[in-house]
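**Student:** Sharing a sequence plus its predicted fold:
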Amino acid sequence: MKILVCITHVPDTTSKIQFTANNTKFDTTGVQFIIGPYDDYALARAVELRDQTGGSLTALNVGEAETEPTLRKSLAIGADDAIRVNSFPKDSFFVATQIAHYAKEGGYDLILMGRESIDFNGGMVHGMVGELLGMPSFSPVMKLEVEGSTVKMAREIEGGKEHLEAQLPLIAGCQEPIAEWKIPNMRGIMSARTKPLKVVEPVSQETQAEATGFQLPPAKGAVKLVDKDNVAELVKMLKNEAKVL
Amino acid sequence: MSILVYIEHADGKVKKTSLEAVSYANALAAQTGEGEVVAVALGTVDSGELASVGKAGASKVLHADDARLTDGVIQAHAAAVAQAFGSVGAKTLVLAKSSLGDAVAARLAIKLNAGLVSNVVELPNTSGGYTVKRSIYTGKAFAESSITTENKILAVKKNAVDLKADGADATVEKISVTLSDADFASKITSTERATGEILLPEADIVVSGGRGMKGPENWGMIEDLAKTLGAATGCSKPVSDIGWRPHHEHVGQTGVKVAPSLYIAIGISGAIQHLAGVNSSKCIVVINKDPEAPFFKAADYGIVGDAFEVVPKLTEALKAEL
């Protein structure tokens, strides 16, 4: 089985979010970048499936040169080779167009990625790639087993989950607990340096909904503390002041 | 011309988030002059229930009454909504952000060649362009996204608009959609869903517990408080990781993102990953015995004290007041 995993290069979840250039660019000062946490689940499951079925696993990222260490990390975790589409990921449609093109070229049976990137939280790229390639797409997938050409999945829905059966090839946006995150070991880190990482150019520049500016939410006021022996006061405040009861 | 709204239903009821999407579309139509708001519902659901969608501002509900669509089969839903979009000559599709909505909207973006913006929190700015404000970085910031296509899809975040409830009943019109076997090639074999409970992602009040609760056997007081408030229950990531509570109750960066009017956090320290899942709440109350817990910095109201003492008292005080 040929597996493709799409990786996002995103700020660590503990990062302070700030903008620069008159609020038109993300401020990367002091920010550590990681593989998107949901993509990390997808990657971990893909490594397991590759090991089970003895196929191949390619990692792909749409990003400029500074994303390469993140992509190398996916090689250290277990991907066999990697593709970097050399462009800033302008919007979901742009990213989906690149993935669909290179996925078609590679003839993958299974395409996994995170349910959403943790920067833009769109959760759209898997569905767009699915429609572009005429493949079924599922998200958010919390369990995925492959038996021959049949894929059994569990998809999270509001307040529970649904169990699904579909045929390869397909695309899934993944989340926990599909697999445990894998930490690269020393052998993985060493071998990642020599595994092939191909840089390709975007196939189209078309976008549909680019972000043009950013804002931070207004600063939060100080917490109002209520004495633990006077909870009735809290109830009054919630009712009369916050008006949420 | 009209705006189409894709509405979802569960247990015979149209979802509240879908009614918010209809309310959003109603306000959008008033702003852009895009005519009437038409909703589309798929699968088996009562016509009377669909007519009530008019209260939120739809004048008509198109109903593809095909039992195969009652379950949320993603490919089939996308195909059906695309046909409805074409039949009413809409340029804009509005829907509520949800598990099914997200999956369907992404496919529709390609089918309809429509720019899609998700997590929309306000009506678009349509003076000289089409710019939509959306929540990003898991609620830590906002972006203005500029849609450049003629067709547009807006997936609205919960609590982004006030629910309209004063409209007249909508007319319900049965429609037939052409679906192929391929649209149903993937099968939903079973569904596990908490019924009769208030669902966490859609709840107006959420009561969550963390490791400070010391064990699953102590969740009774969380449930009592939630029941008194008509709230859903949630938990922090460590609590679902150790299996004290089911995974679908995990609130946070990689779990459910909630946007209730009131969020009560009990025995949760407030790691940044947890805050990311709750920062869209209107009002946050934190109960924690550690006065240094970082959650207090993100809270509107706080009580420093032992949850085992404070929570039962709070429940009693609420019972007296409500």
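**Tutor:** Yep, it's here.
**Student:** Which residue would be the closest one in the stretch 101-250 of chain B to chain A?
**Tutor:** Chain A sits closest to B:Ala106 of the stretch 101-250 of chain B, with a gap of 2.5 Å, by Cβ to the nearest Cβ. Bear in mind the C-beta positions are built from the backbone N, C-alpha and C, glycine included.
**Student:** how about the helices in chain B?
**Tutor:** B:16-32, B:47-51, B:74-87, B:99-111, B:220-229, B:237-241, B:272-278, B:295-298, B:307-321 (DSSP state H).
**Student:** ugh, wrong one, I meant chain A
**Tutor:** A:37-53, A:68-77, A:92-106, A:125-133, A:186-192, A:231-236.
**Student:** just how off-centre is the fourth one within its chain?
**Tutor:** Pointing back at helix A:125-133 there. Offset of helix A:125-133 from its chain centre (Cα atoms, centre = their mean, to the nearest Å): 14 Å.
**Student:** just stretch A:115-131 next, same as before
**Tutor:** With Cα atoms, centre = their mean, you get 8 Å for stretch A:115-131.
**Student:** Could you do stretch A:196-208 as well?
**Tutor:** On Cα atoms, centre = their mean, the centre of stretch A:196-208 falls 18 Å from the chain's centre.
**Student:** same deal with stretch B:5-15?
**Tutor:** The mean C-alpha position of stretch B:5-15 is separated from the chain mean by 12 Å, Cα atoms, centre = their mean.
**Student:** got a list of contacts for it?
**Tutor:** A:158, B:17-19, B:21-22, B:25, B:37-41, B:43, B:45-46, B:49-50, B:52-53, B:58, B:61, B:72, B:77, B:81, B:93-96, B:98, B:100-101, B:104-105, B:193, B:195, B:202 (Cβ atoms under 8 Å, 6 or more residues apart in numbering or on different chains).
**Student:** most neighbours per residue, which of the helices of chain B?
**Tutor:** When the helices of chain B are scored by mean count of other Cβ atoms under 10 Å in any protein chain shown, the highest mean neighbour count falls to helix B:99-111 (a mean of 26).
**Student:** give the contact list for the closest residue to B:Phe142 other than its chain neighbours.
**Tutor:** Leaving aside its sequence neighbours, B:Phe142 sits nearest to A:Gln215 (Cβ to Cβ, 6 or more residues apart in numbering or on different chains; 4.5 Å). Neighbouring residues of A:Gln215 by Cβ under 8 Å, 6+ apart: A:23, B:133, B:141-144.
**Student:** Of those residues, which pair is most distant in space?
**Tutor:** A:Asn23 and B:Lys133 (12.8 Å; Cβ to Cβ).
**Student:** quick one: contacts for A:Lys90?
**Tutor:** A:Lys90 makes contact with A:207, A:210 under the criterion Cβ under 8 Å, 6+ apart.
**Student:** Pull up the gap between it and B:Leu154, please.
**Tutor:** From A:Lys90 across to B:Leu154, the span is 19 Å (Cβ to Cβ, to the nearest Å).
**Student:** And A:His126, by the same measure?
**Tutor:** 19 Å.
**Student:** between these two, which one's more packed in?
**Tutor:** The neighbour count for A:His126 versus B:Leu154, taken as other Cβ atoms under 10 Å in any protein chain shown, is higher for A:His126 (34 against 29).
**Student:** Tell me how far the more buried one lies from B:Ala320.
**Tutor:** With distances taken as Cβ to Cβ, A:His126 is found 50 Å from B:Ala320.
**Student:** quick one, which of A:Asn23 and B:Lys133 is more surrounded?
**Tutor:** B:Lys133 (20 against 16).
**Student:** I'd guessed A:Leu110 sits against A:Ile3; true?
**Tutor:** Yes. At 4.9 Å, A:Leu110 counts as touching A:Ile3 under the criterion of Cβ atoms under 8 Å.
**Student:** Next, show the common contact partners of those two.
**Tutor:** With Cβ under 8 Å, 6+ apart as the test, A:Leu110 and A:Ile3 both reach A:46, A:49.
**Student:** how much distance is there from stretch B:303-316 to the middle of the chain?
**Tutor:** For stretch B:303-316, the distance to the chain centre is 30 Å (Cα atoms, centre = their mean).
**Student:** any bit of stretch B:41-59 sitting next to chain A?
**Tutor:** No. Stretch B:41-59 is not in contact with chain A by Cβ under 8 Å from any Cβ of the partner chain; minimum separation 13.9 Å.
**Student:** buried ones in that stretch?
**Tutor:** B:41-43, B:45, B:50-59 (16 or more other Cβ atoms under 10 Å in any protein chain shown).
**Student:** can you tell me the distance between the two ends of it?
**Tutor:** The first and final residues of stretch B:41-59 sit 14 Å from each other (Cα to Cα, to the nearest Å).
**Student:** could you list every residue that touches A:Ser139?
**Tutor:** A:115, A:123, A:126-127, A:155, A:172-174, B:102-103.
**Student:** how does it look with 7 Å?
**Tutor:** A:Ser139 makes contacts with A:115, A:123, A:126-127, A:172-173, B:102-103, as judged by Cβ atoms under 7 Å, 6 or more residues apart in numbering or on different chains.
**Student:** Closest to the centroid, which residue in chain A?
**Tutor:** Among the residues of chain A, A:Gly114 comes closest to the average C-alpha position under Cα atoms, centre = their mean, at 3.4 Å.
**Student:** Name whatever forms a beta bridge with B:Gly302.
**Tutor:** A:Leu225, B:Val286 (DSSP bridges).
**Student:** Thought A:Lys228 was touching it, still the case?
**Tutor:** No. Judged on Cβ atoms under 7 Å, B:Gly302 makes no contact with A:Lys228 at a distance of 10.1 Å.
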